[in-house]
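# Curious how this folds, go ahead:
(2 chains)
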Amino acid sequence: MTLKVHNTLTRDKEEFIPLDPPKVGMYVCGITPYDETHLGHGRAYVTFDVIRRYLEYSGFEVTHVQNVTDIDDKIIKKSREFRVTSHELAEKYTQSYFEVMDKLNVKRATIYPKATEHIEEMVGWIDGLIKKGFAYQLEDGVYFEVDKFEDYGKLSGKRKEDQESGARVEVKSGKKSPLDFSLWKKAKEEEPSWPSPWGEGRPGWHIECSVMSTKYLGEQFDIHGGGLDLEFPHHENETAQTEAFTGKVPWVKYWIHNGFVNVNRQKMSKSLGNFFTLKDVFEQFDPMVVRLFLLSTHYRSPINYSDVELSAAKEAYGRIVKFIEDIDFRLKKTTERASEIELEDIEEELGHFPDKLKASMDDDFNTAGAVGAIFEAIKFCRKTLGDGDVERECLETMKKTIIEMCEVLGLKVASRESRVTSHEIEKLIKEREAARKNRDFKRADDIRKQLAGQMIELEDTPHGTKWKAQA
RNA sequence: GGCGCGGUACCCAAGUGGUAAGGGAGCUGUCUGCAAAACAGUUAUGCGGCGGUUCGAAUCCGCCCCGCGCCUCCA
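Purely as a prediction, here's the structure:
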């Protein structure tokens, strides 16, 4: 089985062959920390987290670099509002980002380089670009001259000529072409700034990614990713300035872009103001429910946020968790090695499901298909369990199989905890079991009600009474 | 104006030439002191519409309708 990846550059699914196997260099465009992390960010970083996890699962050694744009116009504006330094503001929201990403079980990148810590290298690049004739200076800063770079537009498929007559192209006097973009911005009054040959200022947005990605991954590397909205102009501009500077083509072998989160069929975005922060979403839904929700649609398709869909994900996730809880319960109760059904009877069939998961993931990280495989596996196990007494090894293998499948997708399936001590509950359950034996159903139901008041649900099974905290 | 993505059941969503995964919701049944869970059956002779290619199409081609995105900061 070979891994296939959709490459934005070629607009085609290609076999994934890294430049220097088994090493894989992956750069993901990170956040600009000026506000709380929202669901759209969640989708992007869960997408690349799954990609990274699957690459590692497939035997690759991934170096994952993700930048932090800790200086830009929005940060400056907001830090003034809050009367803090831009550094303090960026720090605050960067920490907040890590908090919610940890909850989503997004693995930490290998390194999170910050723009402000690479200013000198960026100045070096800009200087080089001017010397090579790809950039020019105006009174307010330095610009990249798009017309000097022949391949401009190859990533996004946009032709320079088409853009210039378009309705939404920036109008700014002085630039040789409306598409020329800023490499260095001279500081206005009281803006944070760094020294440069072109005066005090700060770097343009795109240059940091070129500089930091190549610094940590080399002048050419395997994967560069980000949200679909970054494809143009951000990634197009990065490509232009990087290939112009290094002369090495292609800079990036595989470009991967994730689709948006929509609300009412419209893109969730800061400018539309229709975004949900992850912190707020977590008030209502468990982070793993959110993760499952995000994984149930292919990463390149739009996904619609709604309570109905999150609730469906909550039920679905509950099914996985309950399966593991039920297995744990049976394991506790299974003392002898009853062997109506033995491991060897089911091993082959059970193995089919992880294979299906791999096949889905190999096909451009089809997480929706992979999730389907998990549920099919659970259904198979449930059915098998219903057919008779099962060997301990069977139960253990089933549990292991499901948990491993979930782990590939970064889904944690921890049992639900209770606020009440289990000792108290077990005591009441024993009392209730005795009452049921004596057909004192009044007492039995009273105990059920009493525990329900403490958010404890009871479930009578052929193997005894099971309890769980209500979700 | 240019470029691109998508339309699969009541809802969400895989499937890109071989006869419609999975989840949610509903209904029916089995089981059960009750409750729940679980399992089984069920809800698309059909995948936006109309043509075409093919032994065979949700999948390929053409036209049309509808929704969305990028071209401005954005994951």
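
# Mind listing what's buried along stretch A:405-415?
A:405-406, A:408-411, A:413 (16 or more other Cβ atoms under 10 Å). In this view, the C-beta of every residue, glycine as well, is placed from N, C-alpha and C.

# ok, now stretch A:209-219?
A:209-214, A:216-217.

# what's the answer for stretch A:126-136, then?
A:126-127, A:129-130, A:134-136.

# got it, and stretch A:22-40?
Those would be A:24-40, for stretch A:22-40 by 16+ other Cβ under 10 Å.

# Just the ones of these in strands?
Using DSSP state E, the members of the buried residues of stretch A:22-40 that fall in strands are A:24-28.

# Adding pLDDT and distance to RNA strand B as columns, could you present those in a markdown table?
Listed next are those as a markdown table, based on pLDDT from 0 to 100; distance: Cβ to the nearest atom of the strand, whole Å:
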| residue | pLDDT | distance to RNA strand B |
| --- | --- | --- |
| A:Val24 | 98 | 19 |
| A:Gly25 | 98 | 18 |
| A:Met26 | 98 | 14 |
| A:Tyr27 | 98 | 12 |
| A:Val28 | 98 | 8 |
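
# how much space between the residue nearest to A:Gly133 when sequence neighbours are not counted and RNA strand B?
Counting by Cβ to Cβ, 6 or more residues apart in numbering, A:Gly133 lies nearest to A:Lys148, which is 6.3 Å off, once chain neighbours are set aside. Separation of A:Lys148 from RNA strand B (Cβ to the nearest atom of the strand, to the nearest Å): 18 Å.

# now do A:Thr63
Taken as Cβ to the nearest atom of the strand, the span from A:Thr63 to RNA strand B is 20 Å.

# which parts of the helix or strand harbouring that residue are buried?
Following DSSP states H and E, the helix or strand that holds A:Thr63 is strand A:61-66. Residues A:62-66 are the ones in strand A:61-66 that count as buried (16+ other Cβ under 10 Å).

# among the buried residues of stretch A:405-415, which two are most distant?
A:Val408 and A:Val413 (12.4 Å; Cβ to Cβ).

# so who does A:Phe232 touch?
A:155-156, A:158 (Cβ atoms under 8 Å, 6 or more residues apart in numbering).

# so does the helix or strand A:Gly318 falls within get close to RNA strand B?
According to DSSP H and E, A:Gly318 maps onto helix A:307-333. Yes. Residues of helix A:307-333 contacting RNA strand B under Cβ under 7 Å from any atom of the strand: A:308-309, A:311-313, A:315-316, A:319, A:322, A:326.

# Among the residues you listed, which one is most surrounded by other residues?
The residue in those with the most neighbours, by other Cβ atoms under 10 Å, is A:Ala313 (22 neighbours).

# thought it was touching A:Val289?
Yes. Using Cβ atoms under 8 Å, A:Ala313 makes contact with A:Val289 at a distance of 5.1 Å.

# just to revisit the earlier point, now tabulate the buried residues of stretch A:405-415 in CSV and tack on pLDDT, secondary structure and distance to RNA strand B.
Formatted as CSV, the buried residues of stretch A:405-415 follow (pLDDT from 0 to 100; DSSP: H, G, I helix; E, B strand; the rest coil; distance: Cβ to the nearest atom of the strand, whole Å):
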residue, pLDDT, secondary structure, distance to RNA strand B
A:Met405, 98, helix, 12
A:Cys406, 98, helix, 13
A:Val408, 97, helix, 15
A:Leu409, 98, coil, 13
A:Gly410, 98, coil, 17
A:Leu411, 97, coil, 13
A:Val413, 91, coil, 14
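
# Kindly tell me how buried whichever residue of the stretch 201-350 of chain A sits closest to RNA strand B is, as a neighbour count.
Nearest to RNA strand B in the stretch 201-350 of chain A, going by Cβ to the nearest atom of the strand, is A:Gly227, at a distance of 2.1 Å. The number of residues packed near A:Gly227 is 21, by other Cβ under 10 Å.

# Touching, it and A:Ala44? I think so.
Yes. Using Cβ under 8 Å, A:Gly227 makes contact with A:Ala44 at a distance of 5.0 Å.
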